[in-house]
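Undergrad: Please find the sequence and the predicted model below.
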Amino acid sequence: MIRVLRKTAGRTTRFLIDSLGWRGVERPYAPVGWALLAGLVWIVIDLLSGGPNGLVLLPGQLILLTILAAVCAIDSRFGIIPDSLVVALAVAGLLQIGLASWIDSGSTAAWWMPLSDGRNSGHLVALGQRGLEMAVVFVAAASLRMTYRVVRGREGLGFGDVKFIAAATVWTGLAWIPFVVLTAVMSAMGSILILHSEGDELHGNYEIAFGPHLATGVWLAVLASESKLLS
């Protein structure tokens, strides 16, 4: 386990350095690297100008950034999103939405207390609703993947991407998924333009890893939604 974590940390660090520096095979993912960094800068600025609630959500935001950066590093290199990262994303999101619900309600009680406690029923309802939204997004993304494969005769969206965006819904909620997808498409177009400018021959069957671009959309959506919560 320690060896795996060490290798993942090394790959993630290399991805961030190379994408930010426009170097090596990670050059096309420069928009991703800079979006992750911009979000981190935004968090620092928000902390310096905001109240104490920002500090409450900060650990979760940093955990999210770490998971998303690891997804970017692995998917860009190997074309897969490990299930372990998908599970970590979902679990961390459940904890974060609990904290966000606690802040939003102004409750001083622990959000994980039993439903019988009237002060905390809203927190558990929020968690249940987010779980339902995750299921809806999973079914929708899986259906889109299957439809594309039937119509085009080839894969257009990896199953890892389907699981990833479903797990990310725990963080963003269903309402922010269109933003996530739109941002991911724009980020992917940026990568395609970089490849085209460097002389790569692009065609209809050309494939790029979509996970890093979905991660960009998730990161920006979470920061935007949590900033709205704390405003």
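TA: Yep, that arrived. Fair warning: this is a prediction, and the values are worked out from it, not measured in the lab.
Undergrad: most residues in a single helix of the protein, which one?
TA: helix 121-152 (DSSP state H).
Undergrad: What mean pLDDT does that one get?
TA: The pLDDT scores in helix 121-152 average 84.
Undergrad: do stretch 193-204 as well
TA: For stretch 193-204, mean pLDDT is 70.
Undergrad: do stretch 74-84 as well
TA: Averaged over stretch 74-84, pLDDT sits at 93.
Undergrad: Would you mind listing the buried residues in that stretch?
TA: Neighbour-count burial for stretch 74-84 flags 74-76, 81-82 (criterion: 16 or more other CB atoms under 10 Å). The C-beta positions use only the backbone N, C-alpha and C, and glycine is treated the same way.
Undergrad: again, but for stretch 154-172
TA: 157-158, 160-172.
Undergrad: So, low pLDDT: which residues of the chain?
TA: 50-54, 100-123, 199-206, 228-231 (pLDDT under 70).
Undergrad: switch the cut-off to 50
TA: Residues of the chain meeting the criterion pLDDT under 50: 107-119.
Undergrad: Now the element after the longest helix of the chain, going C-ward?
TA: Sequence-wise, the next helix or strand downstream of helix 121-152 (DSSP states H and E) is helix 159-172.
Undergrad: can you give me the angle the next helix or strand after that next one makes with helix 159-172?
TA: Proceeding N to C from helix 159-172, the next assigned helix or strand is helix 177-197, under DSSP H and E. Here the directions of helix 177-197 and helix 159-172 differ by 130 degrees (axes from the mean of the first three to the mean of the last three CA atoms, to 10 degrees).
Undergrad: Could you list the buried residues of the strand or helix carrying Leu55?
TA: Applying DSSP H and E as the criterion places Leu55 in helix 53-78. Judged by neighbour count using 16+ other CB under 10 Å, the buried positions of helix 53-78 are 53-54, 57, 60-61, 63-76.
Undergrad: and which of the buried residues of stretch 154-172 is nearest to Leu94?
TA: Val170 (5.8 Å; CB to CB).
Undergrad: Give me the nearest residue to the closest one, chain neighbours excluded.
TA: Gly93 (3.2 Å; CB to CB, 6 or more residues apart in numbering).
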